[in-house]
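Colleague: what follows is a predicted structure for the sequence shown.
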There are 2 protein chains.
Amino acid sequence: MASTAEDQAQQNCFYQEWMNLQEEDLQELLQAQNPKHPNNICHDSLSQLAKKNIQHFQDYVARRAQLARADVLAFFAPTWCTSLENSLLWIAGCRPSIFIRLIYALCGAEFESRLSEFLRGVKTGRLSELSADQLRQVDELHGKTIMEEEKLTSRLASLQEEVADQPLAVMAKEASGIGESSQGSDQALDCHAQAMASVLEEADQLRLSTLKEVMGILTPLQGVEFLGMSRKLHLCIHEWGKRRDHMHGRN
Amino acid sequence: MASTAEDQAQQNCFYQEWMNLQEEDLQELLQAQNPKHPNNICHDSLSQLAKKNIQHFQDYVARRAQLARADVLAFFAPTWCTSLENSLLWIAGCRPSIFIRLIYALCGAEFESRLSEFLRGVKTGRLSELSADQLRQVDELHGKTIMEEEKLTSRLASLQEEVADQPLAVMAKEASGIGESSQGSDQALDCHAQAMASVLEEADQLRLSTLKEVMGILTPLQGVEFLGMSRKLHLCIHEWGKRRDHMHGRN
């Protein structure tokens, strides 16, 4: 179960690779939805691009599950993330419902900025033009996702509370010194870590399945637009967080 | 609003002082409930000791609120805590319901270990001897605390989701580069930080009020026993966490 300083470096490196991949993906997503000539938008290649991006997230989730099995605690408040990112964490990642919130925000903002085009009947096929049926599906997905989030939130709460229950509370009570190591406490903490790793995996699966369901509702062009924006927002939060950490004397 | 590296050092120092104070408090709490002669247990002085301990927590909460107003993000995944402690965080601290879970755990464990004394009718006045009325009050407090926790959990969820809404999502969308600083994004992040600081303060108030209500239910001896155990558990988790971080190559 134990990892070493080498594994710690591997976790940092894995995160950096993921952020770099997101930057590359973002450039590709932006180019694909804004070709030099609008007629060059090809729905098949947009679909392929969206699939490739989802696959990248799926690979990330699979690798993270492996690393978390060796050292799950590192992922609950990662030292490689900024304080801003860590303050937004829900079970070691973003809330899946944030994907849906982002659709609503982009849809509303684009609608406002393109109001005159709408009034002239110009169609762009973008996120701002979600059909009534798509909106209904997004609403349904929102409700379902929040319910799933609540279930996992409760699971995490139970695990967190278990630390104040048997066996750990009793071991703490009976220890003659503070925090003495014992086979019993080590085993109980290993067991706790395994349960935390399971919750993390389930949360990652919920993030992934929500993303896939979002893509199933959107058209290929809307999907690529959405993926681009979610990548860009993530990268922006990371940069904003870095600047704020620097401002507050953290590296 | 901005703090500096000096404030960062102040936060670390403040935490270290708090941990040291808890260690001192623990020694006093343990001595008071286990005097050399059992007849030396004085309910008035136990009450005073419990009040002093609650006051220490109240002072800690007040000072933390001041520091959080300058740099709230530091408290959501503190660099001065271990990964184990950070994985157990709920709004920058412990779950208030954990206090009640600890009463149940101690009550059950003591009951088991003193079963023969109970059968012989020996009374000790300890946590294991909670009356039916006390248990009913603890149950009621448990239900109420969980409801309050859920309200604050929802508040935090809304704040976390707001990052994917206007104005930040739109600023990220419209930024030509990744994470460019702008007056708008700085203001929006300041505003977000203030809201996070308010939630942190409310969570701290809930922790404090739950602790006070627990003390209102317990007898002075039970209260001192409970406070001692909650201090000891916290200190043990910190030490266990340090050892696990070390094991995984973290300092």
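Modeller: Looks like it came in fine.
Colleague: how is the residue located most distally from the centre of chain A assigned, secondary-structure-wise?
Modeller: Using C-alpha atoms, centre = their mean, the residue of chain A lying farthest from its centre is residue A:176. It sits 42.7 Å away. When the structure is split into helix, strand and coil by DSSP: H, G, I helix; E, B strand; the rest coil, residue A:176 lands in coil.
Colleague: now do residue A:77
Modeller: coil.
Colleague: give me phi/psi at residue A:178?
Modeller: Residue A:178 adopts backbone torsions of phi -90, psi 120, taken as degrees, to the nearest 10.
Colleague: which residue is the nearest non-sequential neighbour of it?
Modeller: When the adjacent residues along the chain are set aside, residue A:178 lies closest to residue B:235, with 4.7 Å between them (C-beta to C-beta, 6 or more residues apart in numbering or on different chains). All C-beta spots, glycine's among them, are computed from the backbone N, C-alpha and C.
Colleague: got a pLDDT number for the one you found?
Modeller: On pLDDT, residue B:235 comes in at 95.
Colleague: residue A:12 too?
Modeller: Reading off the per-residue confidence, residue A:12 sits at a pLDDT of 84.
Colleague: one more: residue A:216?
Modeller: At residue A:216, the pLDDT value in this model is 97.
Colleague: residue A:155: how many residues sit nearby?
Modeller: Residue A:155: 17 surrounding residues under other C-beta atoms under 10 Å in any protein chain shown.
Colleague: next one: it from residue B:131, what distance?
Modeller: Note on residue A:155: its distance to residue B:131, by C-beta to C-beta, to the nearest Å, is 33 Å.
Colleague: not counting sequence-adjacent ones, nearest residue to residue A:160?
Modeller: What sits nearest to residue A:160 in space, not counting adjacent residues and going by C-beta to C-beta, 6+ apart, is residue B:88, at 4.9 Å.
Colleague: so who does the one you found touch?
Modeller: For residue B:88, the contacting residues are A:160, A:163, B:94, B:237, by C-beta atoms under 8 Å, 6 or more residues apart in numbering or on different chains.
Colleague: so how many other residues sit close to the third one?
Modeller: Translated: residue B:94. As a burial measure, the neighbour count of residue B:94 was computed by other C-beta under 10 Å and equals 23.
Colleague: surely it and residue B:207 touch.
Modeller: Yes. Assessed by C-beta atoms under 8 Å, residue B:94 is found in contact with residue B:207 at 6.8 Å.
Colleague: on that earlier part again, which SSE is the residue nearest to residue A:178 in?
Modeller: For residue B:235, the enclosing helix or strand under DSSP states H and E is helix B:220-247.
Colleague: buried residues, that helix. List them.
Modeller: Neighbour counts over helix B:220-247 (16 or more other C-beta atoms under 10 Å in any protein chain shown) mark B:220-245 as buried.
Colleague: now stretch A:177-191
Modeller: By 16+ other C-beta under 10 Å, the buried positions in stretch A:177-191 come out as A:178-179, A:185, A:188-189.
Colleague: stretch A:103-115 too?
Modeller: When neighbours are counted by 16+ other C-beta under 10 Å, the buried residues of stretch A:103-115 are found to be A:103-110, A:114.
Colleague: thinking again about what came up before, distance of the residue nearest to residue A:178 relative to residue A:246?
Modeller: Taking C-beta to C-beta as the criterion, residue B:235 is separated from residue A:246 by 33 Å.
Colleague: that'll do, ta.
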